[in-house]
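Visitor: Got a predicted structure plus its sequence, pasted below:
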Amino acid sequence: MSPSSGTTRSRQTTSSDFLSESMAVLAELQTRLTSVMLGLGGVKKSGDLERMLGLDRTLAWQLLKVSESSQPLENAAQVPSRVSMNRFVEGAQSLGVEADTTDALLTAHEAFEDLVQRHSGDRVCFNSMISAAGQGDQWHAKELQHRRNVFRGMSHMLGVQAGMMLRSSILRKMPDNADAMEAFNVGGLIDLRLLWEMERINVYQSRTIRKADDGITYESDIARTTFDGDEEYDKHLLSSYCQPSVPQIEIVEGPNGWVYGNLLNGAVGATAESTVMFGTRYYNIPNPESRERQFGTRRYIDLPIKAYVVDELIEPGFASDWLPNVHVMVGTSLTDHRAPAGIERTLPSRLEMEFLGKGPKPIKGFRDYPQMMTEIGQNAGIDVSQYECWRLRVEYPLYGCTITSELIAPDAPS
């Protein structure tokens, strides 16, 4: 306890303090490493270090990268471990580099290790802190690697994974009511694989509710049928686009306008139940041109999947000057009430919707997609080859996040 105040006060380190201290420590380490390189007669390529000191290629590349960087923070992840640094120092001393020079390098490396331990506890966490501070190229380069690791871990824990989750919509004004829209939504899973046998796994979700200004949900006037206009839930399954054509599916009604589809009694491995597709027609959707001034797809990622693909096939002339927007959130509430502030957070992301021109375009990993969407359009009297296609593709979407992809009018309220 402090004799002057009688209390102990801990100083909270700000991002600026952390970055300033990290920069100073890494700059000193770089200076000392460069001195050792000069003591070796100057090193131009990592291959020189490999031959001179018998180092492995990765270590030689890391050392040269750190010593030559104009921005030490950007290469913090390349700083070798203590064992590797000792190996480099031993090799440098064997070629005549003075002990004072190598000792200074080891001291600087000890200061770096102390920095890591105090602020983060380990190198992996430290590297994330450095890259996240700027949310620059390093953050996004590492993001995919970590999302892939989450996919692998959650596949093991949940016993299920899929190669792709698809959400595709054909959107147009209703022929008999220009103030309302209709959407032919196709959704499903491709290359679904079970890692262990289970009684049921959810593969389809649909709802017809909207949210009032006070956050309370209510049944809207939006109607939901199958593509054929049938209201029988079992007919939402698009058997002709599934593998096999008749997977064992139960479709059940939940509260607040929800309908769920579950795959039953799936087997492990190559079950042939690899693709399940569902189709739902929504109509009497209030025209967003005169209301919200935005529309799109919002999906909670509740399965480990390798790719998430969203297509919006939009009637020509509708929302033609609207702008794409994508954001990813974690901590979102699974109920119909918004999560309290601080729980729901937006993740840094460079995801973008891409305009692909007219008509359904091929999707990597789903060969039959253009044909499927063309046939669905033809059955509804729609020439989708003339519809404008916006697409979002996310590799290894983060399990437990919510991804929103939308088109927003330039004058829409923020």
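Guide: That came through fine.
Visitor: Residue 355 - how many residues pack around it?
Guide: Applying other C-beta atoms under 10 Å, we find 11 other residues in the vicinity of residue 355. Any C-beta I mention is one placed from the backbone N, CA and C, and that applies to glycine too.
Visitor: Would you check that residue 407 makes contact with residue 320?
Guide: No. Using C-beta atoms under 8 Å as the test, residue 407 is too far from residue 320 to be in contact (9.8 Å).
Visitor: Of these two, give the one with the bigger neighbour count.
Guide: Between residue 407 and residue 320, counted using other C-beta under 10 Å, the more crowded position is residue 407 (23 against 10).
Visitor: I'd like to know which helix or strand in this structure has the lowest mean pLDDT.
Guide: Lowest mean confidence among the helices and strands of the chain (mean pLDDT, DSSP states H and E): strand 217-219, at a mean of 49.
Visitor: which residues touch residue 319?
Guide: 288, 289, 295, 407, 409 (C-beta atoms under 8 Å, 6 or more residues apart in numbering).
Visitor: again, 6 Å this time
Guide: residue 407 (C-beta atoms under 6 Å, 6 or more residues apart in numbering).
Visitor: Equivalent analysis for residue 311, please.
Guide: 168, 391.
Visitor: give me the element it is part of.
Guide: strand 307-314 (DSSP states H and E).
Visitor: Next secondary structure after that strand?
Guide: Assigned by DSSP H and E, the successor of strand 307-314 is strand 323-330.
Visitor: Return the distance of whatever helix or strand comes next after that next one from the chain's centre.
Guide: Note on strand 323-330: by DSSP H and E, the next helix or strand toward the C-terminus is strand 345-346. Here strand 345-346 shows a centroid-to-chain-centroid distance of 13 Å under the convention C-alpha atoms, centre = their mean, to the nearest Å.
Visitor: so what secondary structure elements neighbour the following helix or strand past strand 345-346?
Guide: Of the helices and strands lying after strand 345-346 in sequence (DSSP H and E), the nearest is strand 354-358. Counting contacts by 3 or more C-beta pairs under 6 Å, 6 or more residues apart in numbering; DSSP states H and E, strand 354-358 is packed against strand 388-395.
Visitor: for the protein, what's the longest strand?
Guide: strand 177-194 (DSSP state E).
Visitor: That one - what's its average pLDDT?
Guide: The pLDDT scores in strand 177-194 average 92.
Visitor: Repeat that for stretch 16-32.
Guide: 90.
Visitor: before we move on, what SS does residue 93 have?
Guide: helix (DSSP: H, G, I helix; E, B strand; the rest coil).
Visitor: Residue 296 too?
Guide: strand.
Visitor: where exactly do the helices run in this structure?
Guide: 15-39, 46-53, 57-68, 82-94, 99-119, 123-134, 137-158, 369-379 (DSSP state H).
Visitor: report the angle between the axes of the fourth one and helix 57-68?
Guide: Spelled out, that is helix 82-94. Orientation of helix 82-94 against helix 57-68 (axes from the mean of the first three to the mean of the last three C-alpha atoms, to 10 degrees) gives an angle of 80 degrees.
Visitor: where's residue 118 relative to residue 27, distance?
Guide: Residue 118 sits 18 Å away from residue 27, going by C-beta to C-beta, to the nearest Å.
Visitor: In the strand holding residue 311, which residues are buried?
Guide: If you call a residue buried by 16 or more other C-beta atoms under 10 Å, then strand 307-314 has these buried ones: 307, 308, 309, 310, 311, 312, 313, 314.
Visitor: what's across from the second one in the sheet?
Guide: Listed by DSSP bridges, the beta-bridge partners for residue 308 are residue 165, residue 394.
Visitor: Would you check how far apart it and residue 340 are?
Guide: From residue 308 to residue 340 the distance is 27 Å (C-beta to C-beta).
Visitor: Likewise for the fifth one?
Guide: Using C-beta to C-beta, one obtains 34 Å as the distance from residue 311 to residue 340.
Visitor: and what of the fourth one?
Guide: Counting by C-beta to C-beta, the gap from residue 310 to residue 340 is 28 Å.
Visitor: Next: the third one.
Guide: Residue 309 sits 32 Å away from residue 340, taking C-beta to C-beta as the criterion.
Visitor: for the last one, same thing?
Guide: According to C-beta to C-beta, residue 314 and residue 340 sit 35 Å apart.
Visitor: What distance do you get for the residue nearest to residue 343 when sequence neighbours are not counted to residue 223?
Guide: Of all residues not flanking residue 343 in the chain, residue 331 sits nearest, at 4.3 Å (C-beta to C-beta, 6 or more residues apart in numbering). Distance of residue 331 to residue 223, given as C-beta to C-beta: 33 Å.
Visitor: coming back round to it: confirm for me that the residue nearest to residue 343 is in contact with residue 347.
Guide: No. Residue 331 lies out of contact with residue 347 (C-beta atoms under 6 Å); the separation is 10.1 Å.
Visitor: residue contacts, the residue most central in space within the chain?
Guide: Geometric centre of the chain, nearest residue: residue 397, 3.6 Å, by C-alpha atoms, centre = their mean. Counting by C-beta under 6 Å, 6+ apart, residue 397 touches 301, 308.
Visitor: swap in residue 280?
Guide: 185, 206, 224, 236.
Visitor: Please name the bridge partners of it.
Guide: So, taking DSSP bridges as the rule, residue 280 has residue 185 as bridge partners.
Visitor: residues near the nearest residue to residue 107 once chain neighbours are set aside, how many?
Guide: Nearest non-adjacent residue to residue 107, counting by C-beta to C-beta, 6+ apart: residue 32, 7.7 Å away. Using other C-beta under 10 Å, residue 32 has 21 other residues around it.
Visitor: is it true that residue 32 touches residue 103?
Guide: No. Using C-beta under 6 Å, residue 32 makes no contact with residue 103, being 9.3 Å away.
Visitor: Next, work out how far apart residue 77 and residue 129 are.
Guide: Residue 77 is 11 Å from residue 129, by C-beta to C-beta.
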